[in-house]
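# I'll drop the sequence and a predicted model, then ask my questions.
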Amino acid sequence: MAKTKVAITLDAELLDRVDDLVARREFRNRSQAIETALAEKLARARRTRLARECAKLDRKEERQLAEEGLRGSRDSWPEY
């Protein structure tokens, strides 16, 4: 995947913590550490949104729809 260089401003203490991770060889460099942290945060945000949307569903209604779908589809399955 192509990479694009960007400039960011970080709190000095946060950057010290990133540098400590690099010094302990948990990451090759600052870029890798920050890229990994950002990717993980975005993935977590995506899962959180999915959980919020799922919480809006009515379990009884979803079960009823699923069971209706199963009853209707059994007859349409091909013989093997």
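That came in fine, so what should we check first?

# For the longest helix anywhere in the chain, could you pull out the residues that count as buried?
Identified as the longest helix of the chain according to DSSP state H is helix 30-55. Residues of helix 30-55 classed as buried by neighbour count (16 or more other CB atoms under 10 Å): Ala33, Ile34. (Glycine included, C-beta is placed from N, CA and C.)

# Pull the contacting residues for the closest residue to Leu15 other than its chain neighbours.
With CB to CB, 6 or more residues apart in numbering as the criterion, Leu15 has its nearest non-adjacent residue at 7.8 Å, and that residue is Arg30. Arg30 makes contacts with Leu15, Val18, Asp19, Val22, as judged by CB atoms under 8 Å, 6 or more residues apart in numbering.

# Filter the residues you listed down to just the buried residues.
Val18.

# what's the closest of the contacts of Arg30 to Ile34?
Using CB to CB, Val18 is the member of these that sits closest to Ile34, with 6.7 Å.

# Which strand or helix spans the closest one?
helix 12-23 (DSSP states H and E).

# which outside residues touch that helix?
By CB under 8 Å, 6+ apart, helix 12-23 touches Leu10, Phe27, Arg28, Asn29, Arg30, Ala33, Ile34.

# Select, from the residues you listed, the two members most distant in space.
The span of the contacts of helix 12-23, defined through CB to CB, is set by Leu10 and Arg28 at 18.0 Å.

# Between the two, which has more neighbouring residues?
Taking other CB atoms under 10 Å, Leu10 and Arg28 do not tie; Leu10 has more neighbours (12 against 9).

# and the more buried one, which of the three is it?
coil (DSSP: H, G, I helix; E, B strand; the rest coil).

# which regions of the protein lie under the pLDDT threshold?
Low-confidence segments of the chain (pLDDT under 70): 69-78, 80.

# for it, which residue is closest to the average position?
Ala43 (2.3 Å; CA atoms, centre = their mean).

# circling back: nearest to Ala66, of the contacts of helix 12-23?
Ranked by distance to Ala66 (CB to CB), the contacts of helix 12-23 are led by Ile34 at 42.7 Å.

# Can you give me the distance of the closest one to Ala12?
Ile34 sits 15 Å away from Ala12, going by CB to CB, to the nearest Å.
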